[in-house]
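> I would like to see how this sequence folds:
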Amino acid sequence: MRLSIVKKKTEIYYYILDSYRDKKDKSKVITKRIETIGTYSKLKKEHDDPEAYAKSVVEERNKERKKEKMHYQENIDFNEKVKNVDDENNLSVSLLRNVGWKYLKAVYDEYEIDKFFANKKGRIKYNPNDLNMMFSICRILDPKSKKATMEDLYKYYDAPEIGKNAGYAFLQYFAPYKYDYQTYLYKHTSQITNIDESILYYDCTNYFCESSQDEDLLDDEGNILQYGFRKYGVSKEHRPNPIIEMGLFINSEGIPLAYDIFPGNTSEQITAIPLENQVASFLKKKDFIYCADSGLNSAKIRFFNSLNKRKYIVSQSLKKTKEEDKTFVFKDSNWKFADNDEPVSFVEFKNLAIKFANGENLTNEEENLLSRDLIYKVVPTTRVVKKGDFSDINLKSDIEFTDDMFITFSAKYYLYEKGIFEKQLVRASKLAKNKKGENIFSNPTSPKRFIKTVCVNKDGVVVDCDEVNVFDSSKINSEEQVLGLFGTCTNIQNISVSEVLSINKRRWQIEMNFRIMKSYFKTRPLFVSDPDSIITHFSTCFTALLIQKVFEKKLNQTIAQEGITESLFTTSEIIKMLNNLNYSNHNDLYYEAQYTNSKMLDILEKTFHLELDKKRIKRTSLQ
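Sure, this is the predicted structure:
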C-alpha cells in the first residue's frame, strides 16, 4: 500500500492505494483506492504536519497487513444496479466462486500429471493437463457433458482458461496414451500413499449410451475399419440401449489400480486375463490374490492365476455346481462350526433355523447352537482347461486341476434369503394367474423365474393344446435347497474359513466404486460417440475416482490421528461440502467466505493446510 496525494484548486486530499496484477493479463496492474485519510484542512486542525501524519497512517496499515489485518473504506450506493459482466449472457450468473475444488486439486497436483503430458504435448496449442484436471475434478463436483463443463469453468476460482475447441481436441488427443497414463498413475499412487497389493479385486459393469444403435467404423465399401465400443449386450439396468463394458481392478482399500473398456457384447469372462496382465506389468507384488464374484471364476481364469503362481479366492454359484460335485456339497458329513471346528450335523442345524423361522420355541441349548450362526465344510473340486482355451499358451491336451470349495451355511443368511424367497413365490403365484397363456420373460432374480409355460387339456394332462403358466416345481426345489448356503473356491492351501470369508466379503468395495461412478459421477449416459472420445471419457472418470478415493484415504488418516475411531463422512457428504465452499469477491479488495465452519472443514485444513477456514482472504492468497 502507498500514499496518494491529490491536489485540487481549493484542497489537498490524502488517500491509501493498493495495487495488484490482473488475473487474466499479468502485464496489467490494477490500482484500487482502499481508504481516504482526509483533507489537508481537516487534518491540520489535529496535526501540525498533515502529510507526515498521512505517511504514518500508511506505515501503520502496512504493519497491520503483515499481521493479516487491514482497514477498508468504501462508499455504498443503494441505488446502484447490478452490472452485466458479459453482453452475450441472456441469463444472470452467480458471482460466487468455488474454492472447494482446490482441495481436490491438491491431490491431483501430487500426481504431477503435468509432467506426463509435457512429454507428449507435441504441437498442440492448449495445455492437456488443464483439460484433464478440470474434466476430472468437475466430474466429481458437478458432472455434466464436456460442453457444459467447459461453459461452467468460470464458477471455480482461479480455474485455467481453456479455449472453446480445446475440449473436443483433447478427446481425440488422449486415447493413444491410455495404458501409459494408467501406469504413470499407479507409480505415483504408490508414492503418495501406501498401497496394499496383496489382494486385488476384479469386477465388470456396463454403461448405457444415448444412442439407438450400435456402431463400428466403416470405410466407403462397408468394411469394418475399427470395432466400436457401443454394442447391444446384457444390460445390468435392463435398458434397451447399446452399452459399453468396463472392467476394474481395486485393492483391499478400494483404491482403483487399473481399468479397461470393452464392446458391450463382450463376455465378462474374457475381460479378466488381459487386464490382469496389464496390472501385473506395473505392480511391485506379482503374487497377489485374485478375488472376484461367480461371474468371473471360470476354469480358464483360475488356471491362468495358478500358472502364474498367483492365488485366487472366487465365489462359486451353488445353483450351477456340476452334478458330480452336488453329492459332496449337500451330503451331511464333514460339517464344522466356523468358530472352533467342532463337528456338527448340517441337517440338524438347518432344521433349527427352519424351526426358528416358523416361530417355534427353541430350548436354551438350541438357541445357543443357532447363535453360533456359521457352519462350513471343504469340498475338493476338479476343473478342466481345454487345450484351445489359451491363444498364447500351447497346451498339448486338456488339463485337470483341483482346488477347494468352502461351503458355508449361515442361519442369519438363511432367514434373510428365506424371507425374500417366500415373498417372491407369492408374487410368482399372482403372475401365473394373471398371465394365463402368456410367455413370461424372466431374469435370474425375478419372481417370474419360478413360472414355466406348459400345455394341458381340461383334465390337466399335458397335450398339444392351449398354453398356461404354472409353477416350475423343480426350479423352486433347487433354489430352496441352497438357501443360506454360499460357495467360495480357492487354491490357497491351509487357509481358514474365516480368512476366506474375510477376504471375499470385501468385494463390496468394488461395487461401491461402480456406484460412485454411476450415481455421483454420472459416468453414464455417454454423450460421446467415437472410440477415442469414449476412451478419454472413461479415463477422466477413472482419474476422478482415483482422486476421490485417495482424497478420502487422506481424510481418514487425519481422522485416525485425531483419535476418532469411526468414519465421519460419506462420499456424498464430502462432495456436498466441497460444493458449499464458495467465496465472494468484495470489490476486488478481498474475498469473503460464504460458508460456516464445521468438523469436516477442520479435518480438511489439518490435511491440506490451504487456509480456507479463514473468513476473509486477500486476493493474492488464493492465486
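> Mind listing what's buried along the helix or strand where Glu324 lies?
Using DSSP states H and E, Glu324 sits in helix 323-330. For helix 323-330, the neighbour count (16 or more other CB atoms under 10 Å) marks 325, 328-329 as buried. Placement of C-beta: from N, CA and C, glycine included.
> just those: which has the poorest pLDDT?
Within the buried residues of helix 323-330, Asp325 has the lowest pLDDT, namely 71.
> Next, the contact list for it, please.
Going by CB atoms under 8 Å, 6 or more residues apart in numbering, Asp325 touches 379, 381, 405.
> you'd agree the last one is in a helix?
Which is Met405. No: applying DSSP: H, G, I helix; E, B strand; the rest coil, one finds Met405 to be strand, outside a helix.
> need the contact list for it.
316, 325, 329, 378-381, 487-489.
> Secondary structure added to these, as TSV?
Putting the contacts of Met405 into TSV (three-state DSSP) gives the following:
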residue	secondary structure
Gln316	strand
Asp325	helix
Val329	helix
Val378	strand
Val379	strand
Pro380	strand
Thr381	strand
Gly487	strand
Thr488	strand
Cys489	strand
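> which among those residues gets closest to Ala106?
Nearest to Ala106 among the contacts of Met405: Thr488, at 40.4 Å, using CB to CB.
> give me the number of residues near Phe135?
For Phe135, the count of nearby residues is 24 (other CB atoms under 10 Å).
> so is the closest residue to it other than its chain neighbours in a helix, a strand, or just coil?
Excluding its sequence neighbours, the residue lying closest to Phe135 (CB to CB, 6 or more residues apart in numbering) is Thr540, at 4.2 Å. Secondary structure for Thr540, judged by three-state DSSP, is helix.
> For Thr540, give me its contacts.
Per CB under 8 Å, 6+ apart, neighbours of Thr540: 132, 135-136, 139.
> Save those as CSV, and put in distance to Leu185 and secondary structure too.
As requested, the contacts of Thr540 are arranged in CSV below (distance: CB to CB, whole Å; DSSP: H, G, I helix; E, B strand; the rest coil):
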residue, distance to Leu185, secondary structure
Asn132, 11, helix
Phe135, 15, helix
Ser136, 11, helix
Arg139, 15, helix
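> Need the buried ones from those residues selected in ChimeraX.
To isolate the buried members of those in ChimeraX, using 16+ other CB under 10 Å:
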select :132,135,136,139
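> And the helix or strand containing Asp180, what does it pack against?
Asp180 belongs to helix 178-192 when assigned by DSSP H and E. On a contact count with 3 or more CB pairs under 8 Å, 6 or more residues apart in numbering; DSSP states H and E, helix 178-192 meets helix 101-110, helix 113-118, strand 256-263, helix 272-282, helix 531-561.
> how about those in TSV, adding distance to Thr205?
TSV is the format used below for those (distance: least, CB to CB, whole Å):
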stretch	distance to Thr205
helix 101-110	24
helix 113-118	26
strand 256-263	11
helix 272-282	13
helix 531-561	12
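> Make CSV out of those and add distance to Asp49 and mean pLDDT.
Shown next, in CSV, are the helices and strands packed on helix 178-192 (distance: least, CB to CB, whole Å; pLDDT from 0 to 100):
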stretch, distance to Asp49, mean pLDDT
helix 101-110, 47, 96
helix 113-118, 54, 92
strand 256-263, 69, 94
helix 272-282, 73, 91
helix 531-561, 55, 94
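> on that earlier part again, for Ala52, state which of the buried residues of helix 323-330 is nearest.
Using CB to CB, those come closest to Ala52 at Val329, 98.0 Å.
> For the residue lying closest to Leu131 once chain neighbours are set aside, give me phi and psi.
Nearest non-adjacent residue to Leu131, counting by CB to CB, 6+ apart: Phe170, 4.3 Å away. Main-chain torsions, Phe170, degrees, to the nearest 10: phi -70, psi -40.
> can you count the residues close to Phe170?
22.
> now Asp180
Neighbours around Asp180, by other CB under 10 Å: 12.
> who's in contact with it?
Counting by CB under 8 Å, 6+ apart, Asp180 has contacts Phe116.
> Next one: it from Ile420, what distance?
47 Å (CB to CB, to the nearest Å).
> What of Asn334?
Counting by CB to CB, the gap from Asn334 to Ile420 is 29 Å.
> cool, and Leu589?
63 Å.
> So these two - more neighbours on which side?
Using other CB under 10 Å as the criterion, Leu589 and Ile420 rank with Leu589 on top: 17 against 12.
> What values do phi and psi take at Gly359?
Torsion angles at Gly359 (phi, psi; degrees, to the nearest 10) stand at phi 80, psi 10.
> give me the number of residues near it?
Neighbour tally, Gly359, other CB under 10 Å: 6.
> per-residue pLDDT, it?
87.
> check contacts around it.
Neighbours of Gly359 in contact, by CB under 8 Å, 6+ apart: none.
> Poorly predicted segments of the stretch 501-623 of the chain, please.
Applying pLDDT under 70 to the stretch 501-623 of the chain picks out residues 565-567, 619-623.
> let's see 80
The stretch 501-623 of the chain contains residues with pLDDT under 80 at 564-568, 587-589, 618-623.
> Which strand residues bridge Phe486?
Thr408 (DSSP bridges).
> which stretches of the stretch 201-350 of the chain form helices?
272-282, 299-307, 323-330, 346-357 (DSSP state H, counting those that start in this stretch).
> Compare those helices and report which one is nearest to Met600.
helix 272-282 (33.4 Å).
> How far does the closest one sit from its chain's centre?
20 Å (CA atoms, centre = their mean, to the nearest Å).
> Touching that helix from outside, list them.
179, 182-183, 186-187, 200, 202, 247, 249, 257-260, 286, 290, 292, 296, 300-301, 304-305, 308.
> 7 Å - rerun?
179, 183, 186, 200, 202, 247, 249, 257-258, 260, 286, 290, 292, 296, 301, 304 (CB atoms under 7 Å, 6 or more residues apart in numbering).
> Just the buried ones among the residues you listed, please.
Counted by 16+ other CB under 10 Å, the contacts of helix 272-282 give 186, 200, 202, 247, 249, 257-258, 260, 290, 292, 296, 301, 304 as buried.
> residues contacting Gly100?
578-581.
> can you rerun that using 6 Å?
578, 581 (CB atoms under 6 Å, 6 or more residues apart in numbering).
> go on, Asp392?
Applying CB under 6 Å, 6+ apart, no residues contact Asp392.
> And the pLDDT at it?
Reported pLDDT for Asp392: 72.
> Surely it is in a strand?
No: checked against three-state DSSP, Asp392 lies outside a strand; its state is coil.
> And it, how far from Gly295?
The value you get for Asp392 to Gly295, if CB to CB is used, is 23 Å.
> same question, Glu367
In terms of CB to CB, Glu367 sits 38 Å off from Gly295.
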